[in-house]
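Engineer: I'd like to go over a predicted model; first the sequence, then the structure.
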Amino acid sequence: MQDRSLTRRSLLRNLLTSAAAAAIPVPISKALAQPQYGGSNGQQRGEMGRIAAAFRRQFSVPATSIAISRNGQFVYDQAVGMGDRQHLVQVQQSSLFRIAAVTMPITSVTIFSLIEQGKLHLADKVFGPSGVLGTKYGKPPYKQYIADITVDDLLTHTAGGWPNDSTDPMMHNLSWDHTKLITETIANMPLVNQPGTHWAYSNFGYCVLGRVIEQVTGQPYSSYVQTNILAPCGISTMQIGANKESQRAPSEVVYYGQYSEDPYKLNVTRMDSTAGWIASSTQLVQFLNHVAGAPGIPALLKPTTIQAMTTPASAYPQGPARYARGWMVSGNGAGNWWHNGSLPGSTTIMVRTATGMCWAALTNTRTQPSNEIDTALDQMMWNMARTVPAWGA
């Protein structure tokens, strides 16, 4: 039940394709291009639809929601399939999906917006009398390294422990609230590495970042993000997902587990700042276009802030694709940025390319081994975008 796709090994293996994915050759029609679709023509759009359909067939995906923009303008926006098989409800482009760990870039952008406001610093300690959270979660003496953790360590997954494996705190004790979860975890799960020295993907670390945002702003995580990050992007219906099928939000799809996975045996609500948002692919592309801005679209963050956010973590292994602060990046931050997500019933990806394109793809299922559907979803999007050579993907 853990977010298996984003272990260190699979981040290196799966997400690397977003740095330099190979395109499949497709025919180019001489038909009249349609300006409202970014210059793509009917044959090219048909080929894009066939690529997506092949992905759905291969992995028994009930529904996909896909959105693509170029230079701030939408060029593709389509949802296909069943949002609810039992009631024969087709998915709509406005349908909301669990986005899983694609949540992390949203949390990161929120943290950096607070840094720009002078309310927070990367070097701020998190726990202890001098930390942002003070002694809200247990009191000194803490176990080794706990009081040394900084905001930057949490952003870069280098806190020193709490990895995304069978011990992941976010996947256990599902009845605990944030306070009990964090208090018990820092008291009973010792860190094995000095903060800042070792990279290990941590859902729990981003859960703590959500509490940092709450402490600094005095507001619930979701409310602050909705008002200060999403609303300026023109996004109004994104919200934290519920745990049970019967509690689904209006327009939210049903999730389908494969290989005995149950999407409704998760505490998604408690995952708010690590994997909790539900959104449409259109909304995620709107968010992407606003982070650093696009023609006619103001940026949420300043260029110097963007540079800090997309600088790879020093503890992450060298290579063409590396983890920065809430994003995987290529070209040491000068290339593409992206993040994928995976939970039982959900496989997702969000990409911002160096050539001015942004896209997101969401599904309402997951297969095993999950790295295969992760890689295929990423490759599907590159193949679709490269169907139109003029887009320069």
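Structural biologist: Everything's here; your move. As the structure is a prediction and not an experimental result, all values here were calculated from the model.
Engineer: the stretch 251-393 of the chain: strands as residue ranges?
Structural biologist: Under the criterion DSSP state E, counting those that start in this stretch, the stretch 251-393 of the chain carries strands at the ranges 256-257, 277-279, 321-323, 328-330, 337-343, 346-352, 357-363, 365-366.
Engineer: among those, which comes closest to residue 106?
Structural biologist: Residue 106 sits nearest to strand 277-279 of all the strands of the stretch 251-393 of the chain, at 6.4 Å, using CB to CB. Glycine gets a C-beta too; all of them are placed from N, C-alpha and C.
Engineer: packing partners for the closest one?
Structural biologist: Packing partners of strand 277-279 (3 or more CB pairs under 8 Å, 6 or more residues apart in numbering; DSSP states H and E): strand 97-98, strand 239-240.
Engineer: which residues touch that strand?
Structural biologist: For strand 277-279, contacts defined as CB atoms under 8 Å, 6 or more residues apart in numbering pick out 96-99, 102-103, 106, 235, 238-241, 249, 252, 362.
Engineer: go again using 6 Å as the cut-off
Structural biologist: Outside strand 277-279, the residues that touch it by CB atoms under 6 Å, 6 or more residues apart in numbering are 96, 98-99, 103, 238, 241, 252.
Engineer: which pair of these spans the longest distance?
Structural biologist: Greatest spacing in those, by CB to CB: 103 and 252 (15.4 Å).
Engineer: between those two, which is the more surrounded one?
Structural biologist: Set side by side, residue 103 and residue 252 show more neighbours around residue 103, with 30 against 21, by other CB atoms under 10 Å.
Engineer: distance of the more buried one from residue 116?
Structural biologist: Distance from residue 103 to residue 116, counting by CB to CB, to the nearest Å: 21 Å.
Engineer: do the same with residue 208
Structural biologist: 21 Å.
Engineer: these two - which one has more neighbours?
Structural biologist: Counted by other CB under 10 Å, residue 208 and residue 116 do not tie: residue 208 has more neighbours, with 27 against 13.
Engineer: check the gap between residue 181 and residue 170 for me.
Structural biologist: 8 Å.
Engineer: now do the shared contacts for those two.
Structural biologist: Counting by CB under 6 Å, 6+ apart, nothing touches both residue 181 and residue 170.
Engineer: who has more neighbours, the two?
Structural biologist: residue 170 (25 against 22).
Engineer: tell me how many other residues crowd the closest residue to the more buried one other than its chain neighbours.
Structural biologist: In space, and not counting its chain neighbours, residue 170 is closest to residue 203: 4.3 Å by CB to CB, 6 or more residues apart in numbering. Neighbourhood size, residue 203 [other CB under 10 Å]: 25.
Engineer: list the contacts of residue 203.
Structural biologist: 164, 168, 170, 274.
Engineer: hmm, the last one is touching residue 204, no?
Structural biologist: No: proximity of residue 274 to residue 204 does not meet the contact threshold set by CB atoms under 6 Å, at 7.5 Å.
Engineer: in the stretch 1-150 of the chain, where is pLDDT below threshold?
Structural biologist: For the stretch 1-150 of the chain, applying pLDDT under 70 flags the ranges 1-35.
Engineer: and the helices in it?
Structural biologist: 8-14, 42-59, 103-116 (DSSP state H, counting those that start in this stretch).
Engineer: just name the most buried of those.
Structural biologist: Highest mean neighbour count among the helices of the stretch 1-150 of the chain (mean count of other CB atoms under 10 Å): helix 103-116, with a mean of 23.
Engineer: counting by contacts, list what that one packs against.
Structural biologist: Packed against helix 103-116, as judged by 3 or more CB pairs under 6 Å, 6 or more residues apart in numbering; DSSP states H and E, are the following elements: helix 203-217, helix 303-309.
Engineer: how many neighbours does residue 193 have?
Structural biologist: 15.
Engineer: wait, it sits on residue 160?
Structural biologist: Yes: taking contacts as CB under 6 Å, residue 193 lies within contact range of residue 160: 4.1 Å.
Engineer: what separation is there between the spatially most central residue of the chain and residue 360?
Structural biologist: Of all residues in the chain, the one closest to the mean position by CA atoms, centre = their mean is residue 102, 0.9 Å from it. According to CB to CB, residue 102 stands 8 Å off from residue 360.
Engineer: many thanks, I have nothing further to ask.
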